[in-house]
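Colleague: Here is the input, now give the coordinates:
(one chain, ligands or ions: 2)
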Amino acid sequence: MPDAAVHMRGVSFTWPGGTGFRLDIPELTVKSGEKLLVSGKSGAGKSTLLNLVCGIAVPDQGTVRVDGTELSGLKGPDRDRLRANRIGLIFQMFNLLPYASPLDNILLPLAFAPARRERLKNPRREALRIAAALGLPENLMVQARAAELSIGQQQRVAASRALIGNPSLIVADEPTSALDEESQRVFLDLLMEQTEAAGTTLLMVSHDSRLSSRFRRALDLASITGKQEMET
Ligand SMILES: Nc1ncnc2c1ncn2[C@@H]1O[C@H](COP(=O)(O)OP(=O)(O)O)[C@@H](O)[C@H]1O
Ligand SMILES: [Mg+2]
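Modeller: Ligands and ions are numbered 1, 2, ... in the order given. As a prediction, this is how the structure comes out:
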């Protein structure tokens, strides 16, 4: 059986500084190729969960494995390299470089991810292909600055940046929260289509549990952390 894309066991995490927030994940598995939505209220710990999956945050206890590699067993720079090579990140606020072109924004992760770079004969052409598949015309990719694009276009640039070079896992933090309902639908259609085509695992978090109908599997964060009231 292939390794799970993500496997967490016995995880306990508190942010340094002592806000009192604590996230416990007794067990969570995301199978390779799966599309999973985790929903939960604002402040419930969704972004913290993704920080743990990406190795940006390291648990106080327990293990986080990505493609079978335990992140806490790696030194900081090795974790950074694993993240760059295997994980495409889509942030809530996109985090694009505002003065760079959309094309350069899409190409940026390849500079830190040799494994993704090596898969591509022509990175520029591939960036434009993904952007076009997500409905972004070439002239806009080359001539505009990222900050000049609409929110919906910026979101699709952020998705293209996550997808380039086929990382095995896409991690998305409320990527549709700034979009209106129709743009949300279109964006999710395109993201599903692109990740399906490449067999990519997708782990998305959102406060909006209505998105769960779009996913084959959807979990409430409270059910993962065991904080949910037991049903009687
Ligand atoms: N980088 C951080 N440093 C310290 N505390 C943080 C950080 N990120 C989040 N928190 C705290 O962790 C808790 C959960 O936040 P978060 O994971 O962002 O929730 P959500 O994404 O579900 O809204 C909050 O109390 C928040 O203040
Ligand atoms: Mg969040």
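Colleague: Can you list the low-confidence ranges for the chain?
Modeller: For the chain, the stretches with pLDDT under 70 are 1-2, 227-232.
Colleague: if I look at the most centrally placed residue in it, how far off is Leu211?
Modeller: Compute the mean C-alpha point of the chain, and by Cα atoms, centre = their mean the closest residue is Val171, 1.4 Å away. Distance, Val171 to Leu211, using Cβ to Cβ, to the nearest Å: 15 Å. The C-beta positions use only the backbone N, C-alpha and C, and glycine is treated the same way.
Colleague: returning to what we had before: now do the SS call for the residue nearest to the centre of the chain.
Modeller: State at Val171, reduced to three classes by DSSP: H, G, I helix; E, B strand; the rest coil: strand.
Colleague: List the beta-bridge partners for it.
Modeller: Val171 has the following beta-bridge partners by DSSP bridges: Leu89, Leu203.
Colleague: Please look at it and Arg83 and confirm they touch.
Modeller: No - applying Cβ atoms under 8 Å, one finds Val171 not in contact with Arg83, separated by 9.3 Å.
Colleague: What is the neighbour count of the one residue in the chain that gets nearest to ligand 2?
Modeller: Residue nearest to ligand 2 within the chain: Ser47 (3.2 Å; Cβ to the ion). For Ser47, the number of neighbouring residues by other Cβ atoms under 10 Å comes to 17.
Colleague: What parts of this protein come near ligand 2?
Modeller: Residues of the chain lying near ligand 2 by Cβ under 5 Å from the ion: Lys46, Ser47.
Colleague: for the chain, what's the longest helix?
Modeller: In the chain, with assignment by DSSP state H, the single longest helix is helix 181-198.
Colleague: Determine the set of other helices and strands touching that helix.
Modeller: With contacts defined as 3 or more Cβ pairs under 8 Å, 6 or more residues apart in numbering; DSSP states H and E, helix 181-198 has these neighbours: helix 123-133, helix 151-163, strand 169-173, strand 201-206.
Colleague: Redo those as a markdown table? Include distance to Thr29.
Modeller: Listed next are these as a markdown table, based on distance: least, Cβ to Cβ, whole Å:
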| stretch | distance to Thr29 |
| --- | --- |
| helix 123-133 | 28 |
| helix 151-163 | 22 |
| strand 169-173 | 13 |
| strand 201-206 | 11 |
